[in-house]
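Novice: Requesting a structural model of the entry that follows:
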Amino acid sequence: MKRRCSIRLLVGTIIFTAAFFGCTGFFIGTLKKQNIYEKQIALLEEENIQLSQIEKKVQDVKESLNVVEPYEYILLEEKGYVAVYHTDRKTLYASTDILVSELPEELQKEIEEGKYISSEEQLYNFLENYSS
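Specialist: Numbers count the residues shown, from 1 in each chain. Coordinates of the predicted model:
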């Protein structure tokens, strides 16, 4: 009978030990997986923050590009006088009586290359300033 008790005690101890270490291993594995998931979540949150910052920069660039006004007119020299063309350089908008040779040298160079004017208001300001 002593021997049966010893065997039962030994088998019981083995079963208890196996169950204990099995449960312990399961919980440790679960904790490791939870830590891995938490790290992955933290990395994803960082990536989301970086993406939102990039999106904001892209939006800022788009807005700054929208601020640029397209040119409507170009001033060119024609037979010694300033001529106003649309930006296609073919459609004459107006001929002027402003002699290119009477303009400041820097402005003469700009008109030789084509001086762009962005609005009708700026065009009329130029014409008023340099008309005789």
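
Novice: longest strand of the chain?
Specialist: strand 92-99 (DSSP state E).

Novice: Off-centre distance for that one?
Specialist: Relative to the centre of its chain, strand 92-99 is centred 43 Å away, using C-alpha atoms, centre = their mean, to the nearest Å.

Novice: What residues of the next helix or strand after it count as buried?
Specialist: Downstream of strand 92-99, the first helix or strand assigned by DSSP states H and E is helix 105-113. Using 16 or more other C-beta atoms under 10 Å as the test for burial, helix 105-113 gives residue 111. No exception for glycine: its C-beta is placed from N, CA and C like everyone else's.

Novice: Using PDB, write out the CA atom coordinates for helix 105-113.
Specialist: Coordinates of each C-alpha in helix 105-113 appear next as PDB, following Å, rounded to 0.1, in the frame of the first residue of the first chain:
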ATOM      1  CA  GLU A 105      18.200 100.000 -69.100                       C
ATOM      2  CA  GLU A 106      17.100  97.200 -66.800                       C
ATOM      3  CA  LEU A 107      13.500  97.500 -68.000                       C
ATOM      4  CA  GLN A 108      14.700  97.600 -71.600                       C
ATOM      5  CA  LYS A 109      16.400  94.200 -71.100                       C
ATOM      6  CA  GLU A 110      13.200  92.800 -69.500                       C
ATOM      7  CA  ILE A 111      11.100  93.900 -72.500                       C
ATOM      8  CA  GLU A 112      13.600  92.500 -74.900                       C
ATOM      9  CA  GLU A 113      13.200  89.000 -73.300                       C
END
